[in-house]
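Novice: sequence and predicted structure below; questions after.
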Amino acid sequence: MQLVGYGSKGHHYFVLNANENALNASDIASNSSRVLVSFQLAPSSTGWNWEQWGTAITWTINVNGQVRSGTIPAYDGYSTLGLLSETFTISHDASGSKSISVSFSVSDTSGQYYTCGDTSASGQMALATIPRATKLPNLNVDIESLYTIPLNPASPTFNHSLAINTSGDTWEYVNQGGNLQEEEYKFFNRTSIPFIVPASFYSLFTGKSTELNMKLNTYSGSRLIGSSEAKLTVTCNQTNCSPYFTATVVDSNSTTIALTGSSTKIIKGYSTAKVSLSSLRAAYSTKDTNSTITVRKIDGVTVSGTSREIKNAVSSTFTIVIENSRGFSTSLTAGSISNLVEYFAPQIIIDPKRVSQTSNTVKLTYSGTFFNQSFGKVANAISSMKWYYKKSNASSWTTGGTITPTISGNTIKETTLTLNGSFSYQESFRFKVECIDKLATSIKEADVPIGTPIFSHGKNWFQHHTPIYLQSNHEILDYEVIEEWNE
């Protein structure tokens, strides 16, 4: 800044220049700056000089309360006379900002017309703000993880302490190992602070994350020069905070185990699969004791215990879902596809028919397929095939006989049995074929209805029982006997 004051006698003027020097590290550390002040006397018009006036002409300068003064006993009337050139050290406010007042005054008691006369000037000067407290960034951290918090201090000589508001009015300080402690710990000449997010933070919240306050104190030596605050978002790492468990799948059916020779094998549709959970806990991290299990599902069904039996299981793999109070879930598929025995019960087709509508003989045709493989320990085979019959309105069956099937691969070849017997065409019958392998019994039933003759006649009558069609495909709706034929 520049202040100018003109002497009251009109021949001279005074100039004060105040310039702030460039800041350096020592300025930042001391929270002060330096202002160079120069004060000069110059002629408004030349030739007005004086000498030997001793202390009659005096000047005073005030820079932010720092006062300098002097006398002008003589002046040549032509040149610019430097009265003062000095650097002033200015202490700034705690925030690093500073505005100073600068003034000067001249008093002329010589009583002569050719001297300078009285004058004064004043003004305010805003100095550049000195960086103070180191800025602390907002952080997102996972519990049980190590972080390095970067610092960008205004001076490498600054010291710092980092505090975290863990609850209420409680603040804990990060120490040299990155852990928390009650006493304040200062980091000297550091540009980073280590921080291990403690497992104790699990107890501060029940969901997936919470937000805490942080405060970074900045010191110059032992003097606190400022603090900055930031948010610390603490998160449960999904890996650490998701439910943990292991699971097994075994067959608990003794019948099917006897065939496979192993409880790990599942015979499709017949084994009882028992899915069991073990090592079950609400979170993978054993340090998270603030989480609880809320949902347990085995193959889509909610269970309260640690196992579920699935009868007649059609798969050897089962999906398990565990959820906890923090909102995390873990899904796992237990079992193995390779442990499934793709068994199917014998598939039988039967077709019983009368030889003719008025015949008492029935031909029974059967065929089918079966699981012609090994269960693991025991090879499957057809153990027994039999046929049965009964009148349609009867309640009990009669054993017709044993069937010896013709096997080709997994196929029961189509075979027709001629069943001679009293299957009167005037009654309906129901037939049944039973096929038994090493595990299952399959039954197939079918009906043979009452036989219906095409026509019947007597000596003087004729009656048809089914529609009669001409070669032209037209049905004969009525007829008349016009001639009798006697043998």
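Specialist: Alright, I've got the coordinates. Note that the structure is predicted; figures quoted are calculated from it, not measured.
Novice: relative to Gln40, how far out is Lys9?
Specialist: Counting by C-beta to C-beta, to the nearest Å, the gap from Lys9 to Gln40 is 18 Å. In short, each C-beta sits where N, CA and C put it, glycine included.
Novice: and Arg190, by the same measure?
Specialist: Arg190 sits 48 Å away from Gln40 when distances are taken as C-beta to C-beta.
Novice: one more: Ser276?
Specialist: Counting by C-beta to C-beta, the separation of Ser276 from Gln40 is 98 Å.
Novice: just Ile293 next, same as before
Specialist: 86 Å.
Novice: over to Ala345?
Specialist: Distance of Ala345 to Gln40, computed by C-beta to C-beta: 117 Å.
Novice: same question for Gly327.
Specialist: Here Gly327 is placed at a distance of 76 Å from Gln40 (C-beta to C-beta).
Novice: contacting residues for Pro137?
Specialist: Counting by C-beta atoms under 8 Å, 6 or more residues apart in numbering, Pro137 makes contact with 149-150, 230.
Novice: what's the PyMOL line that selects buried ones from those?
Specialist: Selecting the buried subset of those in PyMOL, with 16 or more other C-beta atoms under 10 Å as the burial test, is done by:
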select buried, resi 149+230
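Novice: which of the contacts of Pro137 lies closest to Ser252?
Specialist: Ile149 (55.7 Å; C-beta to C-beta).
Novice: in a helix, that's where that closest one is, yeah?
Specialist: No: for Ile149, which was evaluated using DSSP: H, G, I helix; E, B strand; the rest coil, the result is strand, with no helix membership.
Novice: right, and it touches Asn140 too?
Specialist: No: contact between Ile149 and Asn140 fails when scored by C-beta atoms under 8 Å: they sit 11.9 Å apart.
Novice: spit out the residues that contact those two alike.
Specialist: Going by C-beta under 8 Å, 6+ apart, no residue sits against Ile149 while also sitting against Asn140.
Novice: how about the nearest residue to Thr233, chain neighbours excluded?
Specialist: Among residues not flanking Thr233 along the chain, Asn140 sits closest, at 4.6 Å (C-beta to C-beta, 6 or more residues apart in numbering).
Novice: ignore the last one, Ser276
Specialist: Leaving aside its chain neighbours, Ser276 sits nearest to Ser307 (4.3 Å; criterion: C-beta to C-beta, 6+ apart).
Novice: count the neighbours of the one you found for me.
Specialist: Using other C-beta atoms under 10 Å, Ser307 has 14 other residues around it.
Novice: show me the contact partners of stretch 250-257.
Specialist: Where contact means C-beta under 8 Å, 6+ apart, the residues beyond stretch 250-257 that reach it are 260, 262-267, 270-274, 276, 309, 375, 439.
Novice: so for it, what gets flagged as buried?
Specialist: Of all the residues in stretch 250-257, those buried under the rule 16+ other C-beta under 10 Å are 250-253, 256-257.
Novice: same question, stretch 287-295
Specialist: Judged by neighbour count (16+ other C-beta under 10 Å), stretch 287-295 contains these buried residues: 287-288, 290-291.
Novice: what about the residues you listed, which are in helices?
Specialist: The helices in this structure, assigned by DSSP state H, contain none of the buried residues of stretch 287-295.
Novice: what is the least confident helix or strand in the chain?
Specialist: Every helix and strand of the chain was ranked by mean pLDDT, DSSP states H and E. The lowest is strand 455-457, at a mean of 51.
Novice: about what we covered before: and the furthest pair within the contacts of stretch 250-257?
Specialist: Using C-beta to C-beta, the pair of the contacts of stretch 250-257 lying farthest apart is Ser276 and Leu439, separated by 24.6 Å.
Novice: neighbour count winner among the two?
Specialist: The neighbour count for Ser276 versus Leu439, taken as other C-beta under 10 Å, is higher for Leu439 (21 against 17).
Novice: so that one makes contact with Lys268?
Specialist: No: no contact is recorded between Leu439 and Lys268 when judged using C-beta under 8 Å, the distance being 10.7 Å.
Novice: between the two, which contacts overlap?
Specialist: Common contacts of Leu439 and Lys268, defined by C-beta under 8 Å, 6+ apart, comprise Tyr343.
Novice: can you give me the helices in the stretch 151-300 of the chain?
Specialist: In chain order, the stretch 151-300 of the chain shows helices spanning 238-241, 254-260, with DSSP state H, counting those that start in this stretch as the criterion.
Novice: format those as a markdown table; extra columns: mean pLDDT and distance to Ala133.
Specialist: Supplementary listing: those in a markdown table, determined by pLDDT from 0 to 100; distance: least, C-beta to C-beta, whole Å:
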| stretch | mean pLDDT | distance to Ala133 |
| --- | --- | --- |
| helix 238-241 | 96 | 34 |
| helix 254-260 | 98 | 74 |
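Novice: the domain parsing of the chain - what is it?
Specialist: Using automatic domain parsing, the domain parsing of the chain gives 2-127, 139-235, 242-339, 347-448.
Novice: what is the neighbour count of Gln2?
Specialist: Gln2 sits with 12 neighbouring residues when counted by other C-beta under 10 Å.
Novice: wait, it touches Asn17, no?
Specialist: Yes: with the criterion set as C-beta under 8 Å, Gln2 and Asn17 qualify as a contacting pair; they are 5.2 Å apart.
Novice: check what pLDDT the closest residue to Thr402 other than its chain neighbours gets.
Specialist: With C-beta to C-beta, 6+ apart as the measure, Lys386 is the residue that lies nearest to Thr402, at 5.5 Å, once sequence neighbours are left out. The per-residue pLDDT reported for Lys386 equals 98.
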